[in-house]
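>>> Sequence and predicted structure are below.
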Amino acid sequence: MAATISRQLDACNLSDMPDKPATEASADSHGTMPFSTAQSSAVQYIPSLLDSEDIAAVFALGAEMSDELQWVNFDHSSAVTYLHRGDMFGQRCPVVKEKLRLAAVAAERALYGNGKRRKLTFRCVELHRSTRNGGLPEKEHYDRGSVVTVDVRLSPEGAFSGGEFRTVEADGSVKGHGASFAQPGNAMAFASHKRHHVAPVETGERFVLVAEFWTGEARVCGHRCTQRRGLCDAMLVRADEAQAVATDCFFALLDADALEAVHSLDDDSSGCE
Ligand SMILES: O=C(O)CCC(=O)C(=O)O
Ligand SMILES: [Fe+2]
């Protein structure tokens, strides 16, 4: 396995990453880039970070985890599967995980300068699917609390139109990065505190892999955790267990009289058909 990983890493283009800092930036207490500095930092392009085998492994894991709790927007035009849940991503996609990690380390060096190194860990690894009208419309969005974000295109070339990844620059202008993101496997790494958004998808399906790196503990809870250390207190259950848990909680909250009232409703033969 180690030999396979190192062969695949040799083949990917991490050597293209600049090793000189794009901006000398001091970091705040969690190692993130100060907001104003982040806006003038440059997005790093990493062509061919993932190959077709890597992409197939990510899609296979996405399919395996498809019945888990996902984040979806109001009209289901965007959905997110949290591949790092229970370290599934580490177990099923170790080569991809190592490529993402190396990309993040190289980007951190390029973006933050060569001063004190931050020890980066995986905050989340997410599979995003967007269809018509899906995207990330909030122009003020940034990945608060993370140091570096790595975003990889998974969709084949021409698989969707619209859906361009864009950043808001320091002078307020909007920069499109579509041309550098046109082939599957191409990646972008950027200071997480740089504002970015995604134009609405017009046709087709847009799949990307989003990994955030931070200085908190590596997380394996199925969401974009905000708790930097210790056990995450979000309750995580599989989708098919959620209804049972919610029902148990509901009954646990009822006192004896209320319970009796609920049970008598069950017995009520005049209820709706
Ligand atoms: O879809 C993308 O390319 C980026 C998504 C993103 O920035 C986010 O989910 O925080
Ligand atoms: Fe983001």
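Perfect, thanks for sending it. Ligands and ions are numbered 1, 2, ... in the order given.

>>> what pLDDT does residue 160 get?
Note on residue 160: pLDDT of 98.

>>> ranges for the strands of the stretch 151-273 of the chain?
Assigned by DSSP state E, counting those that start in this stretch, the stretch 151-273 of the chain shows strands spanning 160-162, 165-168, 174-176, 187-191, 196-198, 201-204, 206-214.

>>> burial count for the residue nearest to residue 86 when sequence neighbours are not counted?
Leaving aside its chain neighbours, residue 86 sits nearest to residue 220 (5.7 Å; criterion: Cβ to Cβ, 6 or more residues apart in numbering). In short, each C-beta sits where N, CA and C put it, glycine included. The number of residues packed near residue 220 is 18, by other Cβ atoms under 10 Å.

>>> for the strands of the stretch 151-273 of the chain, which one sits closest to residue 137?
With Cβ to Cβ as the criterion, residue 137 lies closest to strand 196-198 of the strands of the stretch 151-273 of the chain, at 6.4 Å.

>>> The closest one - contacts with which helices or strands?
With contacts defined as 3 or more Cβ pairs under 8 Å, 6 or more residues apart in numbering; DSSP states H and E, strand 196-198 has these neighbours: strand 165-168.

>>> can you rerun that using 10 Å?
Applying 3 or more Cβ pairs under 10 Å, 6 or more residues apart in numbering; DSSP states H and E, we find strand 196-198 packed against strand 148-153, strand 165-168.

>>> From residue 228, how far out is the closest residue in space to residue 230 that isn't next to it in sequence?
Nearest non-adjacent residue to residue 230, counting by Cβ to Cβ, 6+ apart: residue 217, 7.7 Å away. Separation of residue 217 from residue 228 (Cβ to Cβ, to the nearest Å) stands at 7 Å.

>>> shared neighbours of those two, anything?
Common contacts of residue 217 and residue 228 (Cβ atoms under 10 Å, 6 or more residues apart in numbering): 121, 123.

>>> Would you check that residue 43 makes contact with residue 178?
No: applying Cβ atoms under 10 Å, one finds residue 43 not in contact with residue 178, separated by 11.9 Å.

>>> Show me whatever sits in contact with both of those two.
residue 165.

>>> ok, what's across the strand from the closest residue to residue 196 other than its chain neighbours?
Of all residues not flanking residue 196 in the chain, residue 167 sits nearest, at 4.8 Å (Cβ to Cβ, 6+ apart). Per DSSP bridges, the residues bridged to residue 167 are residue 175, residue 196.

>>> ok, residue 167 - contacts?
By Cβ under 10 Å, 6+ apart, residue 167 lies in contact with 38-39, 41-43, 139, 142, 173-177, 188, 190, 194-197.

>>> And it, how close does it get to ligand 1?
For residue 167, the distance to ligand 1 (Cβ to the nearest ligand atom, to the nearest Å) stands at 10 Å.
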